[in-house]
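K.L.:
just coords:
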């Protein structure tokens, strides 16, 4: 049988196995091994190739960026960053109708730059923001949608775990990808804030009672501005150092983790037990990501041996349709898969197949990375299995329903589509900052 046909059958079986409930990493590894075994006709050769792939998948220095940024996020959480960010934004926007919703978006945008993961943002802010919105009489669906929608900023605003995964798969500079996501991430946060304001303007009852107009006081405003600045300065140091080329993303992650640890220490949050829990959670998260990356390397090796990427490249070079049409097809595929797969798995499965076509069409790889990540973000809110929705449901339990969260998320899904369209039509939004990097 033709190796390309074997690879296509393997990819189809991979999707079936994942939809049947098999862990993505296990499915990638098993199907890659079977594919290589059938293609080479030799069990030992397939086993050796996958062994080499496992080693090569995580041996490089650049992979140190993953545990470092995860550790930074864990220490930042330990220090109480998320609640302080939210409280400060809430004070600053207290006189604005719907200000609590905008505060949630703003706090999530900064929190995203600490954790780099949407699931973490959804879990944290469903516990922090929803009770406050409920207390002030916010519409339940609107409150749930605000938290769900703003949590996906974690996938785009650097340092993003998905950008790291994409950079590894595409063999592209992680620092440049971080910078590429900054402008679209800020744009999405602005669109969300404007969207919340417009929704409340059209449906005032969604924001509960009108905000109190009494003078909060200059001292309280000053305190609200000052309190989260330690974290904002830390983020600026990490991203600024990457931007000017003062240190690598891996070094930036180490500096960020150390800075977050010092902040937690100064605030009296560090104990032997808390450090142990932070290291344990970092180990769990890192091991999970590394396992997926090793499986993805096996998958890529199997595809390369089959010749499927080369044929995809030839196909991309030969098609006469507009490159934008090809990108739209890829976006639709990302969104469809995103409704049933987690974000990292979506990238791990699709990028090895899509990237050769993108390169053959002479499209910017960094720009496509941003398009891919925003598309994957969209899948996190898309029925029937948008992961962020289920994280919020898991955090809040029986007090909310899946239907309410999806319904509340729908306006934010439209906003993401608007931003995705802008990012596709105006590539300089993603490529300008990386082009200025040293």
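P.N.:
Ah, there it is. In this text, all values refer to a predicted model and were calculated from it rather than measured experimentally.
K.L.:
after the helix or strand bottoming out on mean pLDDT in the chain comes which helix or strand?
P.N.:
Lowest mean confidence among the helices and strands of the chain (mean pLDDT, DSSP states H and E): helix 218-226, at a mean of 68. In the C-terminal direction, the helix or strand that comes right after helix 218-226 (DSSP states H and E) is helix 229-243.
K.L.:
Contacts for stretch 387-402 next, please.
P.N.:
Stretch 387-402 is contacted by residues 118-119, 122-123, 126-127, 130, 140, 144, 147-148, 151-152, 342-343, 380-381, 405-406, 409 when judged by C-beta atoms under 8 Å, 6 or more residues apart in numbering. Glycine gets a C-beta too; all of them are placed from N, C-alpha and C.
K.L.:
list the buried ones in that stretch?
P.N.:
387-389, 391-393, 395-396, 400 (16 or more other C-beta atoms under 10 Å).
K.L.:
now do stretch 335-348
P.N.:
335, 337-348.
K.L.:
Look at that stretch and report the distance between its end residues.
P.N.:
Start-to-end span of stretch 335-348 (C-alpha to C-alpha, to the nearest Å) is 14 Å.
K.L.:
so for it, what's the average pLDDT?
P.N.:
Stretch 335-348 carries an average pLDDT of 77.
K.L.:
again with stretch 106-120
P.N.:
pLDDT averaged over stretch 106-120 gives 71.
K.L.:
got it, and stretch 140-159?
P.N.:
Regarding stretch 140-159, the rounded mean pLDDT is 85.
K.L.:
and the end-to-end length of that stretch?
P.N.:
Terminal residues of stretch 140-159 lie 31 Å apart, using C-alpha to C-alpha.
K.L.:
distance between the helix of greatest length in the chain and the chain's centre?
P.N.:
Ordering each helix of the chain by length in residues (DSSP state H) puts helix 272-306 first. Put simply, helix 272-306 sits 16 Å off its chain's centre (C-alpha atoms, centre = their mean, to the nearest Å).
K.L.:
packing partners for that helix?
P.N.:
Contacts defined by 3 or more C-beta pairs under 8 Å, 6 or more residues apart in numbering; DSSP states H and E place helix 272-306 against helix 3-19, helix 24-40, helix 43-58, helix 65-78, helix 161-170, helix 343-360.
K.L.:
which residue is nearest the centroid of this protein?
P.N.:
Among the residues of the chain, the one closest to the centroid is residue 155, at 2.0 Å (C-alpha atoms, centre = their mean).
K.L.:
got any ranges where the stretch 51-200 of the chain has weak pLDDT?
P.N.:
56-58, 60-62, 82, 94, 112-117, 119-120 (pLDDT under 70).
K.L.:
hmm, back to that, now the helices and strands packed on helix 272-306 in JSON lines, with distance to residue 106?
P.N.:
Formatted as JSON lines, the helices and strands packed on helix 272-306 follow (distance: least, C-beta to C-beta, whole Å):
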{"stretch": "helix 3-19", "distance to residue 106": "36"}
{"stretch": "helix 24-40", "distance to residue 106": "33"}
{"stretch": "helix 43-58", "distance to residue 106": "36"}
{"stretch": "helix 65-78", "distance to residue 106": "17"}
{"stretch": "helix 161-170", "distance to residue 106": "21"}
{"stretch": "helix 343-360", "distance to residue 106": "23"}
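K.L.:
Identify whichever of those lies nearest to residue 269.
P.N.:
Proximity to residue 269 (C-beta to C-beta) singles out helix 65-78 among the helices and strands packed on helix 272-306, at 5.2 Å.
K.L.:
On the C-terminal side of that closest one, identify the next helix or strand.
P.N.:
In N-to-C order, the element after helix 65-78 by DSSP H and E is helix 81-92.
K.L.:
Let me know which of the helices and strands packed on helix 272-306 is the nearest to residue 235.
P.N.:
Using C-beta to C-beta, the nearest of the helices and strands packed on helix 272-306 to residue 235 is helix 65-78, at 9.3 Å.
K.L.:
tell me what the closest one is packed against?
P.N.:
Partner elements for helix 65-78 (3+ C-beta pairs under 8 Å, 6+ apart): helix 99-115, helix 118-135, helix 161-170, helix 249-266, helix 272-306.
K.L.:
how far off helix 272-306 does that helix point, in degrees?
P.N.:
Relative orientation of helix 65-78 and helix 272-306, computed by axes from the mean of the first three to the mean of the last three C-alpha atoms, to 10 degrees: 150 degrees.
K.L.:
what's next to helix 65-78, contact-wise?
P.N.:
Contacts with helix 65-78, where a contact means C-beta under 8 Å, 6+ apart, come from 82, 114-117, 120, 124, 159, 161, 164, 174, 231, 238, 249-250, 252-254, 256-257, 259-261, 263-264, 269-270, 274, 278-279, 281-282, 285-286, 289-290.
K.L.:
what bits of the stretch 251-400 of the chain have low per-residue confidence?
P.N.:
Checking the stretch 251-400 of the chain against pLDDT under 70 turns up 313, 316-317, 340, 384-385.
K.L.:
Which positions in the helix or strand containing residue 432 come out as buried?
P.N.:
Here residue 432 is covered by helix 428-436, with elements defined by DSSP H and E. Residues 429-431, 433-434 are the ones in helix 428-436 that count as buried (16+ other C-beta under 10 Å).
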